[in-house]
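Asks: predicted model and sequence follow; I will ask about them next.
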Amino acid sequence: MLNIEEIATHPFDDQKPGTSGLRKKTRVFETNKNYLENFIQSIFDVIDASGKTLVLGGDGRYFNNQAIQVILKMAAANGVSQMLVGQNGILSTPAVSNIIRKYETDGGIILSASHNPGGPDGDFGIKFNIPNGGPAPEIITNAIFEATKDIQFYKIVNIPDVDISQLTTFSIGDMLVNVIDPVTDYVELMRQIFDFDAISALFKSGFKMTYDALNAVTGPYAVEIFENQLGAPRGTVVNSTPLPDFGGKHPDPNLTYAKELVELMNSEDSPDFGAASDGDGDRNMVLGKKFFVNPSDSIAILAANASLVKGYAKGLLGVARSMPTSSALDKVAEKLKIPVYETPTGWKFFGSLMDADMITLCGEESFGAGSNHVREKDGIWSILFWLNILAQKQQSVADIVQNHWRQFGRNYYSRHDYEGIEVDKAQQVMTHLLTLLPSLEGQKIGNYEVLKADEFSYIDPVNGERAEHQGIRVLFKDGSRLIFRLSGTGTQGATLRIYIEKYEPDFVKQNRDSQEALKELIEIAKEISQLQEITCRDRPTVIT
Ligand code: G1P
Ligand code: ZN
């Protein structure tokens, strides 16, 4: 019999999970005694962990291993019957989602702060996913938060650390620990969806790709899939070893943080295709030779070409995009005569539509795309989807995108992030905008006329749940849009995001630089929000 200890603890007041779980500075976890334990005990209490089977893994960032050991010992003490844990504690977010679904477990715990930097001065996070494989809905995360507020003790077994470096099965008391290969099940799923033979033939024909894993979790997945199985030459995957601090990199696949890849793709002898994923493997960025594919366009292009891919050859049930994502996807849905849903930011809203068989494919402007194969966005899946299309079409990335614009029109799109603003200043901008909304409607500002201005709210068509305060939208008569939103995932100050969109049906006007094409709208956004006056910032931190 194992000695189960009940350790007295006291609540912290800041353990409210956001859109992507509990995300804090690593220091908060390291220096506050019981901070991790309190949150995990609260999860176990809310789901009544006794007798359950759970998946456990993370993106390998600093504190991952320590946290895994604590969680395993707490799971045993809380009567969990089986834990499926990734070898060496590694599992990407989409891989966890797949394993939860495939083995019909009762959920899973993912240790990651996604695309935020790692290390002692970086961020750490905990996500709880439910049996459908997706992030827990608010009703559960709220219950977890409530539990953290009056926690008195946590349960743990007092044993030395266990070895999870080998693929074995062992017991901690009555709990079975199954150390699983992080990659195998995921590869099998990708093989069911995509034509590996066609993609292999593409690589054989001399097609060159560089995939930057940014020293994060997707390295082992990418080496196995792109190099070992699809036959891309060694070295196709760069920065392929998951490192605790991501080698000092910011593991966010965008134009600012995946700098080396962007420079390579802009060089004279660039590969044909460039791609990257984030810390936990759910985001993706794709690039052609000297060509950046905007994520909103990418989702639309995947939807438009889905019939070329074996996993979607039967057609799409419907599609969905988050509200700030450009409406390029809507144009495709119209042509395919399938429904398109506009949801609040965050993947859980898509999960509900997928569970009800209302959509097959979905995505967000923030480098996230996915389908009903799992209940998370999926970086490598997105890249394989592109490779499959490239193999079928035998055209360059730029040609595929430009032909798409020619057929559907181009939605010029950009996101401007103002990071690390003082929280009250950011709030002031939003409050100012909210009071301004009624007076905006019908107003002519420069060349643009406001059609409608409101705050976005959503009622989930499946379960009737309401989501309020999901961003401010200013919609113009010509289809252009300005969206203002506060980030729910930052860990320092506030991040204000401004999303700018303009539709251009005329193909001779489709090859402008997007910042140039959106210039007037960007000025209008600054003007009506009084951003500069309130925050003293005159330019964004990140432009996508
Ligand atoms: C950001 C993205 C959002 C995404 C989330 C999790 O959230 O904007 O689309 O779902 O990360 O990856 P935000 O910081 O904007 O709340
Ligand atoms: Zn992520």
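Replies: In hand now; what should we look at? Worth saying up front: this structure is predicted, and the values here are computed from it rather than measured. Ligands and ions are numbered 1, 2, ... in the order given.

Asks: check the secondary structure at the residue of the stretch 251-400 of the chain found nearest ligand 1 for me.
Replies: Nearest to ligand 1, among the residues of the stretch 251-400 of the chain, is residue 366, at 3.5 Å (Cβ to the nearest ligand atom). Just so you know, the C-beta spots here come from the backbone N, C-alpha and C atoms, and that holds for glycine as well. What DSSP: H, G, I helix; E, B strand; the rest coil gives for residue 366 is coil.

Asks: tell me which parts of the stretch 51-200 of the chain are close to ligand 2?
Replies: Residues of the stretch 51-200 of the chain lying close to ligand 2 (Cβ under 5 Å from the ion) are residue 114.

Asks: find the closest residue to ligand 2 in the stretch 51-200 of the chain.
Replies: Residue of the stretch 51-200 of the chain nearest ligand 2, by Cβ to the ion: residue 114 (3.2 Å).

Asks: and that residue, what does it touch?
Replies: 20, 23, 59, 93, 125, 278, 279, 280, 282, 283, 489 (Cβ atoms under 8 Å, 6 or more residues apart in numbering).

Asks: next, count neighbours for the nearest residue to the last one once chain neighbours are set aside.
Replies: With Cβ to Cβ, 6 or more residues apart in numbering as the measure, residue 20 is the residue that lies nearest to residue 489, at 5.4 Å, once sequence neighbours are left out. By other Cβ atoms under 10 Å, the residues close to residue 20 number 24.

Asks: wait, isn't residue 20 in contact with residue 135?
Replies: Yes. Contact status for residue 20 versus residue 135: in contact at 7.1 Å, counting by Cβ atoms under 8 Å.

Asks: overlap in contacts, the two.
Replies: With Cβ under 8 Å, 6+ apart, residue 20 and residue 135 have common neighbours 127, 346.

Asks: picking up where we left off before, contact partners for the residue nearest to residue 489?
Replies: Per Cβ under 8 Å, 6+ apart, neighbours of residue 20: 114, 125, 127, 135, 346, 488, 489.

Asks: rerun at 10 Å
Replies: Contacts for residue 20 (Cβ atoms under 10 Å, 6 or more residues apart in numbering) come out as 93, 110, 112-116, 125-127, 135, 280, 282, 346-348, 488-489.

Asks: how about residue 461?
Replies: Counting by Cβ under 10 Å, 6+ apart, residue 461 makes contact with 339, 341, 343, 352, 353, 356, 358.

Asks: please identify the residues of this protein in proximity to ligand 1?
Replies: Counting by Cβ under 6 Å from any ligand atom, the chain comes close to ligand 1 at 19-20, 114, 322, 345-347, 364, 366, 368, 487-489, 497.

Asks: how does it look with 5 Å?
Replies: 20, 345, 346, 364, 366, 487, 488, 489 (Cβ under 5 Å from any ligand atom).

Asks: now the element after the helix or strand containing residue 28, going C-ward?
Replies: Assigned by DSSP states H and E, residue 28 falls within helix 26-31. Downstream of helix 26-31, the next assigned helix or strand under DSSP H and E is helix 35-47.

Asks: what packs against that next one?
Replies: On a contact count with 3 or more Cβ pairs under 10 Å, 6 or more residues apart in numbering; DSSP states H and E, helix 35-47 meets strand 22-25, helix 26-31, strand 53-58, helix 64-77, strand 108-111, strand 123-129, helix 138-149, strand 153-157.

Asks: and the second one, C-alpha only, in PDB?
Replies: Presented in PDB, the C-alpha positions along helix 26-31 are these (Å, rounded to 0.1, in the frame of the first residue of the first chain):
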ATOM      1  CA  THR A  26       7.200  30.100 -14.900                       C
ATOM      2  CA  ARG A  27       8.400  31.900 -11.800                       C
ATOM      3  CA  VAL A  28       4.900  31.900 -10.400                       C
ATOM      4  CA  PHE A  29       4.800  28.100 -10.600                       C
ATOM      5  CA  GLU A  30       8.400  27.800  -9.300                       C
ATOM      6  CA  THR A  31       8.300  30.200  -6.400                       C
END
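
Asks: contacts made by the biggest helix by length in the chain with the rest, please.
Replies: Assignment by DSSP state H gives helix 423-440 as the longest helix of the chain. When contacts are defined by Cβ under 10 Å, 6+ apart, helix 423-440 is touched by residues 418, 420-422, 443, 450-455, 469, 471-475, 482, 484-487, 490, 492-496, 498, 525, 528-531, 533-537.

Asks: contact partners for residue 206?
Replies: Counted by Cβ under 10 Å, 6+ apart, residue 206 has contacts residue 272.

Asks: wait, residue 172 touches residue 83, no?
Replies: Yes. Here residue 172 reaches residue 83: they are 8.5 Å apart, a contact under Cβ atoms under 10 Å.

Asks: more neighbours: which of the two?
Replies: Between residue 172 and residue 83, residue 83 has the larger neighbour count (other Cβ under 10 Å), namely 26 against 18.

Asks: my guess is that one is in a helix, correct?
Replies: No. Counting by three-state DSSP, one finds residue 83 to be strand, located in no helix.

Asks: and for residue 26, the neighbour number?
Replies: 23.

Asks: same deal with the one 4 residues further on?
Replies: Residue 30 sits with 15 neighbouring residues when counted by other Cβ under 10 Å.

Asks: try residue 338
Replies: Neighbours of residue 338 using other Cβ under 10 Å come to 17.

Asks: swap in residue 375?
Replies: There are 26 residues near residue 375, going by other Cβ under 10 Å.

Asks: list the buried residues for the longest helix of the chain?
Replies: Buried residues in helix 423-440, counted by 16 or more other Cβ atoms under 10 Å: 425, 426, 428, 429, 430, 433, 436, 437, 440.

Asks: check the last one and give its pLDDT.
Replies: If I follow you right, that is residue 440. We have a pLDDT of 93 for residue 440.

Asks: swap in the fifth one?
Replies: Reading off the per-residue confidence, residue 430 sits at a pLDDT of 96.

Asks: enumerate the residues of this structure near ligand 2.
Replies: Within the chain, the positions near ligand 2 by Cβ under 5 Å from the ion are 114, 278, 280, 282.

Asks: ok, and the closest non-adjacent residue to residue 485?
Replies: Using Cβ to Cβ, 6+ apart, the nearest residue to residue 485 is residue 471, at 3.8 Å.

Asks: quick one: residues contacting the one you found.
Replies: Taking Cβ under 10 Å, 6+ apart, we find residue 471 in contact with 322-324, 344-345, 430, 454-457, 483-486, 497, 499.

Asks: quick revisit: helices and strands around the helix holding residue 28, which ones?
Replies: strand 22-25, helix 35-47, helix 64-77, strand 123-129.

Asks: which outside residues touch that helix?
Replies: So helix 26-31 is in contact with 12, 14-15, 22, 25, 35-36, 39, 61-63, 66-67, 113, 116-126, 245, 491, going by Cβ under 10 Å, 6+ apart.

Asks: pull out the buried members of those.
Replies: 12, 15, 22, 25, 35-36, 39, 61-63, 66-67, 113, 116-119, 122-126, 245, 491.

Asks: can you get me a residue count around the residue lying closest to residue 273 once chain neighbours are set aside?
Replies: Closest residue to residue 273 apart from its sequence neighbours, by Cβ to Cβ, 6+ apart: residue 209 at 4.4 Å. Residue 209 has 22 neighbours, counted by other Cβ under 10 Å.

Asks: try residue 316
Replies: 20.

Asks: give the contact list for it.
Replies: Here residue 316 is in contact with 302-303, 306-307, 332-333, 336, 338-339, 359-361, 371-372 (criterion: Cβ under 10 Å, 6+ apart).
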